[in-house]
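# Show me how the following folds:
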Amino acid sequence: MGEAFHDIRFDRPEAAIARITLARPKQLNAYTTRLCEEVVRAVETYWRDDALRVLVITGEGRGFCAGGDVSGADDAHGDLMKSQLSHAREMRDGMHRVIQALHRIDKPVIAMINGPAVAGGLTLALACDFRIAADSAKLGDTSGKFGLLPDEGGAWLFPRAMGLDRALKMTMLAEVYDAKTAFDLGLVTEVVPAGELEARTLAFARALAARAPLAVRLAKAMMVRGLTTSLDHSLSDAALSVMVANPTQDVREGVKAFFEKREPKFEGR
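A predicted model of the protein is given here:
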């Protein structure tokens, strides 16, 4: 959408819906520093454009994201082995920025999991608000197979999604689950037949895009903040948020549409 990318594609499949496609299919979309930089740029473009109401993240080919590229190809880990400090720099300049960008924005993001989402790929999926997985997808943390850590943000995200004991078991034993098991563990929002994945994801995105944009953004921000604050602070946050949302034209439209027995047309004002 106006910007040139090398390792991702960024497009608008429908009005109000943006899509990031990780485009390194031969490597199962394993991330590199460049890919991470491009994802951050695309996420920020989505965030700044009020005409875009939902973002979908997916992978090209048969994988969602296989975590970090350890092959040494391209710019994958060119400087990684030079010093111990370079390991931290590679994380901070790479996937950490992606996870922070997704955590920071107040608009909805859907992970469309078309194939393996492991290690940092699972972290990327969990940084999204919703995860719709093909029934053929695999999810888990393979970092332990390499003596590595859940360092992209998994140590924070995994226990919040599935509980501490299950997260420890997955990481320490390097477990990978089928989509149904991942759903049962709380890692996935929905599982659909592989052939229906795109249609279902776009239908879900379309439904989100039809909601009142300000209410959607405030609800997300309130719930994210509520995870790390007290009940009293959360209620204060809610009281302040309704001062912003309740007087809007969208609320008046929602009430009017209800009494007229029709679908509301929200304009974000």
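# can you confirm residue 132 is in a strand?
Yes: Residue 132: assigned to a strand according to DSSP: H, G, I helix; E, B strand; the rest coil.
# Show me what it bridges to in the sheet.
residue 112, residue 190 (DSSP bridges).
# can you check residue 14 too?
Beta-bridge partners of residue 14, as defined by DSSP bridges: residue 17.
# That one and residue 206 touch, don't they?
Yes: Residue 14 lies in contact with residue 206 (C-beta atoms under 8 Å); the separation is 6.6 Å. (Each C-beta comes from the backbone N, C-alpha and C, glycine too.)
# ok, and the helix or strand in this structure with the lowest average confidence?
The helix or strand of the chain with the lowest confidence, counting by mean pLDDT, DSSP states H and E, is helix 84-93 at a mean of 68.
# between residue 14 and residue 206, which one's more packed in?
Neighbours were counted for residue 14 and for residue 206 using other C-beta atoms under 10 Å; residue 206 has more, 16 against 13.
# name the helices or strands packed onto the helix or strand containing that one?
Element membership for residue 206, per DSSP states H and E: helix 197-209. Contacts defined by 3 or more C-beta pairs under 8 Å, 6 or more residues apart in numbering; DSSP states H and E place helix 197-209 against strand 8-14, strand 17-22, strand 54-59, strand 109-113, strand 130-134, strand 190-192.
# do that again at 6 Å, thanks
Applying 3 or more C-beta pairs under 6 Å, 6 or more residues apart in numbering; DSSP states H and E, one finds that helix 197-209 contacts strand 54-59.
# how many neighbours does residue 229 have?
Look at residue 229: counted by other C-beta under 10 Å, it has 14 neighbours.
# I meant to write residue 260 there.
Residue 260, neighbours per other C-beta under 10 Å, totals 9.
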